[in-house]
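**Q** sharing a model that was predicted from the sequence below.
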Amino acid sequence: MDIRMDDLHGVEIAALLQEHLDDMALHSPPESIHALDLDRLRRPEITFWTVWENGELLGCGAIKQLDATHGEIKSMRTSKHHRRKGAAAFMLQHILDEATQRGYRRLSLETGSPVAFEPARQLYERFGFEYCGPFADYVQDPYSVFMTRTFGMD
């Protein structure tokens, strides 16, 4: 697997992000969907990567810088055609390594509370994320779960 910084202009990533947004709409009401579209992912405070293997897009993930020591994971997604191959864990480790390199003390995320999001929550738990309250501009929402991981504080 190969991770690349992505400029969000390829047809493959546009299709994967549309799959992501469509899937969110199946499980959450519109006001509880926090996934970003292509234009909002192109903002300067967001770094976006894709995971590729043998010329195929497996998944994606991003970091949004909230401040000098706190980042947020955004748009973690594995293509429905490539699940259970380790792409999400590979991307998550890359994001954690990048957060460490940037000197972040905390990395947080919002994911869904419905059953469909259980695999994502389990992945984050395996990587040391713990449940927390809302952060940044989020508010308590029955369709959202908030998780965070602190590191680099030894």
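**A** That came in fine, so what should we check first?
**Q** from here on, just use CA atoms for contacts and neighbour counts.
**A** Noted.
**Q** quick check, central residue of this protein?
**A** Met76 (3.0 Å; CA atoms, centre = their mean).
**Q** show me what contacts it?
**A** Gly59, Cys60, Gly61, Ala62, Ala88 (CA atoms under 8 Å, 6 or more residues apart in numbering).
**Q** pLDDT at the first one, what is it?
**A** Think Gly59. On the pLDDT scale, Gly59 is placed at 95.
**Q** bridging residues for it?
**A** With DSSP bridges applied, Gly59 shows beta-bridge pairing to Val51, Thr78.
**Q** measure it to Pro29 for me?
**A** Going from Gly59 to Pro29 by CA to CA, to the nearest Å gives 24 Å.
**Q** what does the nearest residue to Leu21 once chain neighbours are set aside show for phi and psi?
**A** Leaving aside its sequence neighbours, Leu21 sits nearest to Ala35 (CA to CA, 6 or more residues apart in numbering; 6.6 Å). Backbone torsions of Ala35, given as degrees, to the nearest 10, read phi -70, psi 140.
**Q** show me the contacts for Ala35.
**A** His20, Leu21, Met24, Lys74, Ser75.
**Q** just checking, the fourth one touches Ile63?
**A** Yes. Applying CA atoms under 8 Å, one finds Lys74 in contact with Ile63, separated by 5.9 Å.
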